[in-house]
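**Q** take this sequence and fold it.
(chains A and B)
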Amino acid sequence: MGVRIGGGQGFYGDTPRAVEGLLEAGVDYLCLEALAELTLAILQKDRQKDETRGYTKDLPAYLRAALPAVAAGRTKVITNAGGINPASAARAAIDTARELGLSGLTVATVLGDDLMPRLDELASATGLTHLESGAPYGEFPAPALFASAYLGARPIVEALAAGADVVITGRVADAALFLAPLVHEHGWAWDDWDRLAAGTLVGHLLECSGQSVGGNLSRDWWTIPRPWDLPYPIGEVEADGTTLITKPESSGGRVSFDTVRHQLLYEVHDPTAYLAPDVVADFTSAEFTDEGDDRVRVTGVRGQPATSTYKALLAHHAGWAGETRVAFSWPDAREKATATAAIFAERVRLAGLAVAEWCFELWGVDALGGPTVPPTTAEPPEVVLRAAWRCDDARTTALVGREMVPLTLSGPAAGMTGMGRGGSSPSELLGLWPTLIDKDLVDPRVTVAVETVR
Amino acid sequence: MTSRRLHDLGCGYRSGDKGDISNIALFADDTEVYELIRAAVTAERVKAHFAGLVHGPVERYEAPNVLALNFVLHDALGGGAPRSLRADNLGKTLGGALVRLEIEVPEHLAHREAPTPDVRWALTILDRLA
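**A** A predicted model of the protein is given here:
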């Protein structure tokens, strides 16, 4: 009998409503993948304001949808919603269970991904060289705002073995959330590379919720049944790693060879060597068989031994950003927008405001496609100028935005509109520093705390 | 020989981000189109297509099991999502920008065209709200 895993969340901001469909269809494990690089940055800003935050705020909403089924013994929840504060997330989970009157649930928390307290020690031991640029850690613009290692499935398996009904983690690699219950249920060995690769590939297919069942589709997207009721995906995984990808029948969406392969390569670099914490998976080894009726069979996945390192991600402050938008209509919309960008920048210069970086985009012309947009002499009926800028401090950033406002009356180009209530308030920019860290330096610090709700 | 856009040849795409790197998967529907794009859509070609937008090197990988090429574009997102000033800081639209690329095709593919999306169902819904 296969183990049924539901991908109940694809990012922070996803909808807990889709959980209902998965529980109705029946899943042994509900995996909620809440983190992206950008998410850690958002959570860091939360934690700066309140040190009890730093986990995804919608965790209680997801748990309210899922915990009754967990208490009834129908499913278990595994989530990395703990972000950069899994201990606080676990408190919130326990509080939610109490609110629902569900005593007896066991909540496990995986700790040890946070590298912040010992970055200098780690730098001398392992380098922390920038993975992309090769820059040495000495060039890291300290202080670090967060520093997390991407843990694998092992601590989650440990939590499940300890009887956890809900497992809360911090930065565990997305696909590892899904691999863990398969290792636990099927008893896969940690050197059974093909099985670990199969579980990782399935996790990758399920981790982005709607993206494997018809979401974000490049072709035929308009033919997806009831796209406003897109379900989330289910993987039914056999002990040999063979998997059926499917979806709850009652909802819209589609599972086909095409929807599944769209997800296969999402955010993947070398598909023959997908570097996961527990295995190096060869995504090109998988065979996909579209059996019809929203069922795609995955077979033959091969894997190689895991590397000796975890990926880690550090972030640092990188200045402040502001942005504003104004719209122009025909005639001469493009020229008016172009001129206004220049006039705005000159006004900012005259005001003595230091801008470290500008970004001007002409929406309706080439804002998104840039150099790939073919040149045209056609006159656009309207153009939106989006201006964004980076300054060293928040105050200057806000003052820059003010310089667009007087152009409502004093810009030479007639018909400027659409500014709404002015520019956005400044937001902090974060630079990312991806790196590798020896597992030996992380694993001894990884712990699993188990608590039963009373 | 004549040229067609990848979009008109029915190529699918999906793009995503990791740090300041964007990857774009490009899909073919049959082995003929797959072999065509494998020959024509080189890393160099893609690098030139995105000149000015993508500043670093471009690597290409093949995934023949799903008739796909995977392009990895470095220094592609204005510094990475939480650092970028771009509206599309995640590079979600770069896949669509890739299928603008035109490649040489044999005569029997010269008139292939991407279908126009049929969104009558959407208009029906919106009419109800009007």
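
**Q** which residue sits closest to residue 86, ignoring its sequence neighbours?
**A** Because you didn't say which chain, this covers chain A. Spatially, and ignoring its direct neighbours in sequence, A:P86 is nearest to A:G170 (4.3 Å; C-beta to C-beta, 6 or more residues apart in numbering or on different chains). Placement of C-beta: from N, CA and C, glycine included.

**Q** oops, wrong one, chain B.
**A** B:R86's closest residue in space is B:G78 (C-beta to C-beta, 6+ apart), at 4.7 Å.

**Q** now for that neighbour: which residues touch it?
**A** Taking C-beta atoms under 8 Å, 6 or more residues apart in numbering or on different chains, we find B:G78 in contact with A:C359, B:D20, B:S84, B:L85, B:R86, B:N89.

**Q** now the two most distant members of the residues you listed.
**A** With distances taken as C-beta to C-beta, the most widely separated pair in the contacts of B:G78 is A:C359 and B:D20, at 14.7 Å.

**Q** looking only at neighbour counts, state which of these two leads.
**A** Taking other C-beta atoms under 10 Å in any protein chain shown, A:C359 and B:D20 do not tie; B:D20 has more neighbours (24 against 18).

**Q** distance-wise, check the residue nearest to A:R64 when sequence neighbours are not counted relative to A:K311.
**A** Nearest non-adjacent residue to A:R64, counting by C-beta to C-beta, 6+ apart: A:T96, 6.3 Å away. Distance of A:T96 to A:K311, computed by C-beta to C-beta, to the nearest Å: 31 Å.

**Q** list the buried residues in stretch A:442-454.
**A** Across stretch A:442-454, burial judged by 16 or more other C-beta atoms under 10 Å in any protein chain shown covers A:V442, A:V446, A:V448, A:V453.

**Q** ok, residues contacting that stretch?
**A** Contacts to stretch A:442-454, defined as C-beta under 8 Å, 6+ apart, come from residues A:87, A:90, A:94, A:97-98, A:102-113, A:115, A:149, A:151, A:154-155, A:158-159, A:162-164, A:310.

**Q** if any of these are buried, give me the PyMOL selection for them.
**A** Buried members of the contacts of stretch A:442-454, defined by 16+ other C-beta under 10 Å, are picked up in PyMOL with:
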select buried, chain A and resi 87+90+94+97+102+105+106+107+108+109+110+111+112+113+115+149+151+154+155+158+159+164+310
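
**Q** and the contacts of stretch A:442-454, which of them are in helices?
**A** Among the contacts of stretch A:442-454, the members found in helices (DSSP state H) are A:A87, A:A90, A:I94, A:A97, A:R98, A:R154, A:P155, A:E158, A:A159.

**Q** pLDDT on stretch A:282-291, on average?
**A** The pLDDT scores in stretch A:282-291 average 98.

**Q** does that stretch reach chain B?
**A** Yes. Against chain B, stretch A:282-291 shows contacts by C-beta under 8 Å from any C-beta of the partner chain at A:F283, A:T284, A:S285, A:A286, A:E287, A:F288.

**Q** closest one of those to A:I343?
**A** Taking C-beta to C-beta as the measure, A:F283 is the one of the residues of stretch A:282-291 next to chain B closest to A:I343, at 50.1 Å.

**Q** average pLDDT across the helix or strand where A:V296 lies?
**A** Per DSSP states H and E, A:V296 falls inside strand A:295-299. Across strand A:295-299, pLDDT averages out at 98.

**Q** if we can go back for a sec, which members of the ones in helices among the contacts of stretch A:442-454 are the farthest-apart pair?
**A** Most distant of the ones in helices among the contacts of stretch A:442-454, by C-beta to C-beta, are A:R98 and A:R154, 29.5 Å apart.

**Q** buried sites along stretch A:427-436?
**A** By neighbour count with 16+ other C-beta under 10 Å, stretch A:427-436 contains the buried residues A:E428, A:L429, A:L430, A:G431, A:L432, A:W433, A:P434, A:T435, A:L436.

**Q** what's next to that stretch, contact-wise?
**A** Here stretch A:427-436 makes contact (C-beta under 8 Å, 6+ apart) with A:37, A:41, A:44-45, A:126-132, A:137, A:140-141, A:144-145, A:309-322, A:390, A:394, B:18-20, B:79-80, B:82-83.

**Q** could you list which of the residues you listed belong to helices?
**A** Among those, DSSP H puts A:E37, A:A41, A:Q44, A:K45, A:T126, A:A394 in helices.

**Q** any idea of the pLDDT on the first one?
**A** Going back to what we said before, that points to A:E37. On the pLDDT scale, A:E37 gets 86.

**Q** so who does it touch?
**A** Shown in contact with A:E37 (C-beta under 8 Å, 6+ apart): A:L313, A:L432, B:D17, B:K18, B:G19, B:G80, B:A81, B:P82.

**Q** need these in a markdown table with pLDDT, can you?
**A** Shown next, in a markdown table, are the contacts of A:E37 (pLDDT from 0 to 100):
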| residue | pLDDT |
| --- | --- |
| A:L313 | 96 |
| A:L432 | 95 |
| B:D17 | 95 |
| B:K18 | 95 |
| B:G19 | 94 |
| B:G80 | 95 |
| B:A81 | 93 |
| B:P82 | 93 |
